[in-house]
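S.K.: could you work out the structure for the sequence below:
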Amino acid sequence: MKIYISVDMEGLAAIHTWKDVTFGGPHYKQKELEEQLRWVLEEIVKYEDVELITVADSHSVGDNIPYSITDIDERIELISGFPRKRYMMAGLDESYDRVIFFGYHAGVGALGALMDHTYSSTTFHGVWINGIRMNEALINAAYAGYLDVPVAMIVGDAALREEMKEFLDRVVFVTTKEGLGRFSARFVSKKKLEMDIRSGTSEAMRRKREDLRIYRFEPPVELKVETSRTEFADALEMIPGVERLNGRVLKFIHDDYVVVFDTLLIMATIGSMMGRML
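M.R.: Numbers count the residues shown, from 1 in each chain. Presented below is the predicted three-dimensional model:
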């Protein structure tokens, strides 16, 4: 059995502001990230049939998880750094048995969401695929589904849980906090959270693969994005195949979900770079 864990930070307990997730800053909460992630890994390694656990550091530029996390077990490997192809899902292929989304958050515009955004807090005001408003968990789950790999567990905030309930109903969801505003939250106690994460991980590991849901989009796949600034749309419409619908809305259609996924990642990267330049 091969397990893939895509790790973000905004959906973790103890985190409620950008300062908490900014590498090198005085309020950066790497310790909380490592501690909560260790609870997951310590439960997974109890299963002797697990041959590989891939941990993808997928927050910001992928420099948040210390290499020492692999000390837990020889079957753990770490993916770090940026840029990299497929970013939050780098290295995933058809050989994996299940995926875990750890520290994930709700999509841009979600009610009651903390630090809401979808792949780029700078670039997008909204992202839709086949008419469904997207968050990072749904986008990434569809990529896993394209590879025929199911999502087994999500650890994230209450707003994300609300967003996911209709789409990934057979997923173990561990709620870390409830948003009271974009930068304020009610956290569960650390003791309860540890119990929930450990028991949730065990449940996700015990479930048979055939009982997990594969999430995917049938072709043609239509991506629509609304940019946060008009000048971002000026740049993104230069991507081949992208159609501009108005000042800030663009559309891209393709039969292959991977092409759509890659196009979205290109858009997010260009917009984020422009945001730092302008």
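
S.K.: need the contact list for the closest residue to residue 107 other than its chain neighbours.
M.R.: In this structure, residue 107 finds its nearest non-sequential neighbour in residue 135, 3.0 Å apart by Cβ to Cβ, 6 or more residues apart in numbering. Bear in mind the C-beta positions are built from the backbone N, C-alpha and C, glycine included. The contact partners of residue 135, taken as Cβ atoms under 8 Å, 6 or more residues apart in numbering, are 104, 105, 106, 107, 108, 110, 118, 160, 163, 164.

S.K.: out of these, grab the one that's most surrounded.
M.R.: Neighbour counts for these (other Cβ atoms under 10 Å) peak at residue 160, which has 31 neighbours.

S.K.: quick check on residue 70: phi, psi?
M.R.: phi -70, psi -10 (degrees, to the nearest 10).

S.K.: farthest-separated two in the contacts of residue 135?
M.R.: Within those, two members stand farthest from each other by Cβ to Cβ: 108 and 164, at 15.2 Å.

S.K.: and which of the contacts of residue 135 is nearest to residue 153?
M.R.: Once Cβ to Cβ is applied, the member of the contacts of residue 135 that ends up nearest residue 153 is residue 104, at 10.4 Å.

S.K.: now do the contacts for the closest one.
M.R.: Contact analysis of residue 104 by Cβ under 8 Å, 6+ apart lists 6, 8, 10, 11, 135, 136, 137, 154, 155, 156, 160.

S.K.: pick the one among the residues you listed closest to residue 270.
M.R.: Nearest to residue 270 among these is residue 136, at 17.6 Å by Cβ to Cβ.

S.K.: now the closest one: how far from residue 67?
M.R.: From residue 136 across to residue 67, the span is 24 Å (Cβ to Cβ, to the nearest Å).

S.K.: tell me which of the contacts of residue 104 fall in strands.
M.R.: The members of those that map onto strands under DSSP state E are 6, 154, 155, 156.

S.K.: as TSV, the residues you listed with neighbour count would be great.
M.R.: Shown next, in TSV, are the ones in strands among the contacts of residue 104 (neighbours: other Cβ atoms under 10 Å):
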residue	neighbour count
6	30
154	25
155	30
156	28
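
S.K.: now these in JSON lines, with pLDDT?
M.R.: Formatted as JSON lines, the ones in strands among the contacts of residue 104 follow (pLDDT from 0 to 100):
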{"residue": "6", "pLDDT": "98"}
{"residue": "154", "pLDDT": "98"}
{"residue": "155", "pLDDT": "98"}
{"residue": "156", "pLDDT": "98"}
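
S.K.: could I get the residues you listed as a markdown table with distance to residue 176?
M.R.: Compiled in a markdown table, the ones in strands among the contacts of residue 104 are given as follows (distance: Cβ to Cβ, whole Å):
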| residue | distance to residue 176 |
| --- | --- |
| 6 | 16 |
| 154 | 10 |
| 155 | 6 |
| 156 | 6 |
